[in-house]
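S.K.: Show me how the following folds:
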Amino acid sequence: RHLDMNPNLSFLLVVLVAFAYTLAYDCDTSSAKLVAARFKPHEDLYQKIDDLVKTKHLHAAYIATCVGSLTQATIRFANQSDLTTLQGPFEITSLVGTLSDVGGHHIHITVCDGAGKCQGGHFVGGLIYTTAELVIGVAPDLAFVREYVPPPDSGYEELVVKCATP
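M.R.: Numbering: from 1, shown residues only. Next up, the predicted model:
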């Protein structure tokens, strides 16, 4: 049976399918691995993550989980250009992000103080209070790179997922 479709809707459907294709890659990711580490008091959590990713040569990784505490956290709140340094102590209640030794990192954090007040945003640094227990997932068959996407769409370096070359 033939469906009559508005030509504008047909065009939009084609654009959406093409856009979805550019975002999804059909690479063999069955060989995902994990890297785990514990970081100590007074170390900068962002710097330790960066060091680990570079030392292990992780081209496509993600933060699977992280628990611990910080004495301070430097973040960029949503839709703000300035950084804010929060003074703790804080519990790390969420740390998520994509990591790459060639494409950089995009990490978000949520921290909560002793009264339960939580704040979060784009994570750029933080000093560990007692511990930070980190588990990173690694997709060795992928590569994460970043490309600038001009305003009004973004204005930032955004993730591009590629299949890793053997």
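
S.K.: So what touches stretch 144-152?
M.R.: The contact list for stretch 144-152, computed with Cβ atoms under 8 Å, 6 or more residues apart in numbering, reads 59-61, 98-100, 102-104, 155-162. The C-beta positions use only the backbone N, C-alpha and C, and glycine is treated the same way.

S.K.: Can you flag which of these belong to strands?
M.R.: In this view, the contacts of stretch 144-152 that belong to strands under DSSP state E are 61, 98-99, 156-162.

S.K.: Show me just the buried residues among those.
M.R.: With burial judged by 16 or more other Cβ atoms under 10 Å, the buried subset of those is 61, 98-99, 159, 161.

S.K.: Please enumerate the helices of the protein.
M.R.: All helices of the chain, identified by DSSP state H, fall at 7-23, 45-55.

S.K.: pLDDT on stretch 96-104, on average?
M.R.: Stretch 96-104 shows a mean pLDDT of 96.

S.K.: For that stretch, list the C-alpha coordinates in CSV.
M.R.: The C-alpha trace of stretch 96-104 is given here as CSV (Å, rounded to 0.1, in the frame of the first residue of the first chain):
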residue,chain,number,x,y,z
VAL,A,96,30.2,10.8,34.3
GLY,A,97,31.9,11.5,31.1
THR,A,98,33.7,10.5,27.9
LEU,A,99,37.5,10.3,27.9
SER,A,100,40.2,10.2,25.3
ASP,A,101,44.0,10.6,25.1
VAL,A,102,43.6,12.2,21.7
GLY,A,103,40.2,13.8,21.9
GLY,A,104,40.2,15.2,25.4
